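[1] Sequence plus predicted model, see below.
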Protein chains: 2
Amino acid sequence: MSLSLDKNGAAPADASGQEPLLAAALGRFEGLLAARGLRLTAARRAIVEAVLRRAGHFTVEALVADLRSRGLAASKATVYRALPLLTEAGILASAVLTADERTYERAVGREHHDHLVCQGCGKVVEFEYEAIEVLQRELAARYGFTLEGHLHQLFGRCADCRKGDTK
Amino acid sequence: MSLSLDKNGAAPADASGQEPLLAAALGRFEGLLAARGLRLTAARRAIVEAVLRRAGHFTVEALVADLRSRGLAASKATVYRALPLLTEAGILASAVLTADERTYERAVGREHHDHLVCQGCGKVVEFEYEAIEVLQRELAARYGFTLEGHLHQLFGRCADCRKGDTK
DNA sequence: ATAATTGCAAACGCTTTGCAACCCC
DNA sequence: GGGGTTGCAAAGCGTTTGCAATTAT
């Protein structure tokens, strides 16, 4: 089994040359919406663009602020109503979810990965470990389950935080 | 340290041979509290008992209801204030945590495990897979992290739900 | 036209907090 | 008595929802 590790962070550069991504995202979105008799409106388009423009993890609040700062149409309520749709369309994904944090990230044009969070400084490392994915599938099968998804987050302390950081 | 019984003499009502667990839990709790200049009060004792009496996963609401139905002292606020302490003492652990569910479970006297949740019927299977635990440690080490914990939940569909249930 | 969509603000549900009374050491 | 503890109710917060106006097809 190949142990492919994502490059730390690999923060996707934003805003540049993402037309193809945007096209792919809007295409998917429109497909999902059409399949349900829903419409691809200006507000929804703006939300998709805002998500793609974001690099890394972000909160709903930040996304709404982005839209607002660009004078784009999409109120908080509309954003919240769009989140599940974006997720189902594979455009958006939940990033970190804990008792006191909830962030999202772009999903279109990216590979699946999980998160390793430093409890000292909050740094988040994205990782992809096929061996674990395999074991998860094996495990689900063992219990007669069809695996549809998972939430896997590792919490620890990074080297920097172990050295000097307070707390 | 000595384990004093509830001052009002109220013996744990049901209880099926859990005295040793209760003793262990109270002992740990008292230790943690003492180390911080905090006290093991009747309310906190009642909460510990309520947690041990619970089988399986439960919500805070359910725990509060338990206490209330037994006329035990411990308001909702007190329970919420005790949760982090119980967790640190290893008496309580978070069970399932998703965007719309948050349950806890007894940790004392139990082995570590993660959860497999059926998205059809809500059934939760607890699993312990050492191979995955090992890979997690390996992964954290690879990034220079000291692993302190993790949240690993698998979501799928159980055999029963695949057979008949409506989607 | 017909039905979906949106913004706003009110409603919500869960968790936290301010505060005065209380209890323990 | 000093300081931790508790209950109650109010405050917070992020998310959801009712509703009337608006817009897409």
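    Okay, I see it.

[2] What helix or strand is the most centrally placed residue in chain A located in?
    Within chain A, the residue whose C-alpha comes closest to the C-alpha centroid is A:E105; the distance, by C-alpha atoms, centre = their mean, is 2.6 Å. Using DSSP states H and E, A:E105 sits in strand A:101-106.

[3] That strand and DNA strand D, any residue contact?
    Yes - Strand A:101-106 reaches DNA strand D (C-beta under 7 Å from any atom of the strand) through A:R102. Where you see a C-beta, it was placed from the backbone N, CA and C, and this is true even at glycine.

[4] Export that strand to CSV, keeping only CA atoms.
    Listed next in CSV are the C-alpha coordinates belonging to strand A:101-106 (Å, rounded to 0.1, in the frame of the first residue of the first chain):
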residue,chain,number,x,y,z
GLU,A,101,-15.0,24.8,15.5
ARG,A,102,-16.7,24.2,12.2
THR,A,103,-15.0,25.0,9.0
TYR,A,104,-15.5,24.2,5.3
GLU,A,105,-13.3,24.0,2.3
ARG,A,106,-13.5,23.7,-1.4
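
[5] and chain A, which residues reach chain B?
    Taking C-beta under 8 Å from any C-beta of the partner chain as the criterion, the neighbours of chain B within chain A are A:5, A:8, A:94, A:97-99, A:102, A:116, A:118-119, A:125, A:127, A:129, A:131-132, A:135-136, A:139-140, A:143-159, A:162.

[6] are any of those buried, and which?
    Among these, those buried by neighbour count (16 or more other C-beta atoms under 10 Å in any protein chain shown) are A:94, A:97, A:116, A:118-119, A:125, A:127, A:129, A:131-132, A:135-136, A:139-140, A:143, A:145-147, A:150-158.

[7] Run a quick neighbour tally on A:R53.
    Neighbour count of A:R53, defined by other C-beta atoms under 10 Å in any protein chain shown: 16.

[8] do you know how far it is from A:L67?
    10 Å (C-beta to C-beta, to the nearest Å).

[9] what does A:K123 give?
    Spatial separation of A:K123 from A:L67 under the definition C-beta to C-beta is 27 Å.

[10] who's more crowded, these two?
    A:L67 (22 against 17).

[11] ok, and the closest non-adjacent residue to that one?
    The spatial neighbour of A:L67 that comes closest, neighbours along the chain excluded (C-beta to C-beta, 6 or more residues apart in numbering or on different chains), is A:A74 at 4.7 Å.
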